[in-house]
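Peer 1: One predicted model, sequence on top.
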Amino acid sequence: MLKDKNIQRFENELKKIERPGINQLLRYIRNSDFYSAPASTRYHLSCEGGLLQHSLNVLDALRGMLYPGHEGAWEYLTAGRVVCEIPDESVTLMALLHDLCKTHYYKTSTRNVKNEQTGKWEKAPFYTVEDKMPLGHGSKSAMLAMQFIKLTNTELYAIWHHMGFTEQGADFGTVGRAMELHPAVLALHTADMMASRFMEGESGNKEAFADMPAGQEAAGSATAPASDTPQFEEAPPLAPGA
Ligand SMILES: [Fe+2]
Ligand SMILES: [Fe+2]
């Protein structure tokens, strides 16, 4: 993973935000383990710099599912109709800050793993959770961001409920209502799922998304999607010969 490039891109995206406190927020992020933390303990980007890569992936996934609208805003469509317009600043903040809760959250341990080539047991690092600020997930990301900057209602709801119905102990009524009032909640949740399920492997982006640090442009200058179609593993047929 291109960690330095990712840091540069992450900071360039945040520096475009014109909002009081953004520099203090950036300083907080720099002084935390955000740039080195994994995105998870296993499955997706459970590697150094994984959280940073995941945050950028969500930004690319989110921009990729929205359409350029008026005055630098993005349009979120359903059946060809606009259900909400999301300012470009909000798209950036929602994506890049949604997992701020994963700072000061992981710790590195080691375990013995057998080297298949040499047959010897070696110490290998792995991540475990040691949440130093147990304040929840999306709610914690929103609260941390709001220590430094004001969030719009859309940003607050989207970050707070970005886990959608997969949040542990989620109240279906509350999450559903939040999505109806602020469709950006579902947009961010979908982008988060797209990133972790389609784009990310255990130790880096999947091949089709390996060159993502270049990123997509902001609203109004969105580039055409790459012509290479990602290759996904096909599920086995339901019945022989199907
Ligand atoms: Fe999350
Ligand atoms: Fe996420």
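Peer 2: Arrived safely, thanks for sending. Residues are numbered from 1 along each chain as shown. Ligands and ions are numbered 1, 2, ... in the order given.

Peer 1: Which strand or helix spans residue 203?
Peer 2: Here residue 203 sits in a region with no helix or strand, counting by DSSP states H and E.

Peer 1: who's in contact with the nearest residue to residue 197 once chain neighbours are set aside?
Peer 2: Distances taken as Cβ to Cβ, 6 or more residues apart in numbering place residue 44 nearest to residue 197, at 7.9 Å, with adjacent residues excluded. (Each C-beta comes from the backbone N, C-alpha and C, glycine too.) Contacts of residue 44 were listed using Cβ atoms under 8 Å, 6 or more residues apart in numbering, and they are 50, 54, 195-197, 200-202.

Peer 1: any idea how far residue 44 lies from residue 67?
Peer 2: Separation of residue 44 from residue 67 (Cβ to Cβ, to the nearest Å) stands at 27 Å.

Peer 1: Show me the two of the contacts of residue 44 that sit farthest apart.
Peer 2: Within the contacts of residue 44, two members stand farthest from each other by Cβ to Cβ: 50 and 197, at 14.9 Å.

Peer 1: between the two, who's got more neighbours?
Peer 2: Set side by side, residue 50 and residue 197 show more neighbours around residue 50, with 25 against 11, by other Cβ atoms under 10 Å.

Peer 1: Contact residues of this protein facing ligand 2?
Peer 2: Residues of the chain lying close to ligand 2 (Cβ under 5 Å from the ion) are 99, 192.

Peer 1: Now do the strands in the chain.
Peer 2: Along the chain, the stretches classed as strands by DSSP state E are 67-68, 73-78, 81-87, 106-114, 121-129.

Peer 1: which residues touch the fourth one?
Peer 2: Under the criterion Cβ under 8 Å, 6+ apart, residues 33, 37-38, 41, 120-130 lie in contact with strand 106-114.

Peer 1: Return the members of these classed as buried.
Peer 2: Restricting the contacts of strand 106-114 to buried positions leaves 33, 37-38, 127, with burial counted as 16 or more other Cβ atoms under 10 Å.

Peer 1: returning to what we had before: just put the contacts of residue 44 in JSON lines and tack on pLDDT.
Peer 2: As requested, the contacts of residue 44 are exported to JSON lines (pLDDT from 0 to 100):
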{"residue": "50", "pLDDT": "95"}
{"residue": "54", "pLDDT": "97"}
{"residue": "195", "pLDDT": "97"}
{"residue": "196", "pLDDT": "96"}
{"residue": "197", "pLDDT": "96"}
{"residue": "200", "pLDDT": "95"}
{"residue": "201", "pLDDT": "93"}
{"residue": "202", "pLDDT": "89"}
